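# no sequence for this one, just the structure:
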């Protein structure tokens with residue numbers, strides 16, 4: 001069985017994420033979408049919330065499962081016996097960072113091949129940060145995220161907006 005790992009912070013999941021997951025699901029027998037911890041980011045949503053979002057967004061994709069991991073992706077790949085890490089690319093700036101990560105993962109785990117999927121043109125500008133900023137100020141995010149999670153995102157970001165200690169990143 002060819003297993004791929006699709007890691008990310010998914011804070012929150014967007015149409016761009018969903019596109020990459022959908023396409024990966026046609027290339028591999030099983031895709032494990034992994035909510036990871038990024039030490040450079042302060043998430044707006046808990047890991048549990050992001051897992052629920054992903055479960056809603058990937059409902060119907062029989063070969064996609066959702067998990068969480070707080071550690072090196074190269075180790076997770078080894079743990080689940082995956083053959084690939086799938087990463088989405090929007091622009092050249094994404095490639096520079098992801099290429100470094102791919103080389104590091106390969107050094108840490110020789111079986112950790114990275115497969116890059118370019119985003120669809122309609123999602124090139126899209127990021128979770130854009131979604132959070134728009135939603136936090138009451139903007140319409142329906143063009144950016146699947147309908148099944150819009151209300152959850154808006155409610156959570158409204159709560160955070162009223163928290164004086166929270167800063168959107």
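Good, I have the coordinates. Keep in mind it's a predicted model, so treat the numbers as computed, not measured.

# which residues in the protein form helices?
15-27, 47-57, 73-80, 92-108, 128-136, 147-161 (DSSP state H).

# can you redo these as TSV with mean pLDDT?
Output for the helices of the chain, formatted as TSV (pLDDT from 0 to 100):
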stretch	mean pLDDT
helix 15-27	96
helix 47-57	96
helix 73-80	96
helix 92-108	89
helix 128-136	87
helix 147-161	86
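
# could these go into a markdown table alongside distance to residue 37 and mean neighbour count?
Bear in mind the C-beta positions are built from the backbone N, C-alpha and C, glycine included. Below are those laid out as a markdown table (distance: least, CB to CB, whole Å; neighbours: other CB atoms under 10 Å):
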| stretch | distance to residue 37 | mean neighbour count |
| --- | --- | --- |
| helix 15-27 | 17 | 19 |
| helix 47-57 | 8 | 19 |
| helix 73-80 | 11 | 19 |
| helix 92-108 | 14 | 13 |
| helix 128-136 | 15 | 19 |
| helix 147-161 | 18 | 16 |
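
# quick one: closest of those to residue 3.
With CB to CB as the measure, helix 73-80 is the member of the helices of the chain nearest residue 3 (6.1 Å).

# how far away is residue 45 from residue 107?
31 Å (CB to CB, to the nearest Å).

# no, scratch that, I was asking about residue 36
19 Å.

# need the contact list for residue 21.
Each residue near residue 21 by CB atoms under 8 Å, 6 or more residues apart in numbering is listed here: 6, 31, 33, 57-58, 61, 64.

# which one of these sits closest to residue 147?
Distance ranking of these against residue 147, using CB to CB, places residue 57 first at 9.9 Å.

# the closest one contacts residue 13, correct?
Yes. Counting by CB atoms under 8 Å, residue 13 is a contact partner of residue 57 at 5.3 Å.
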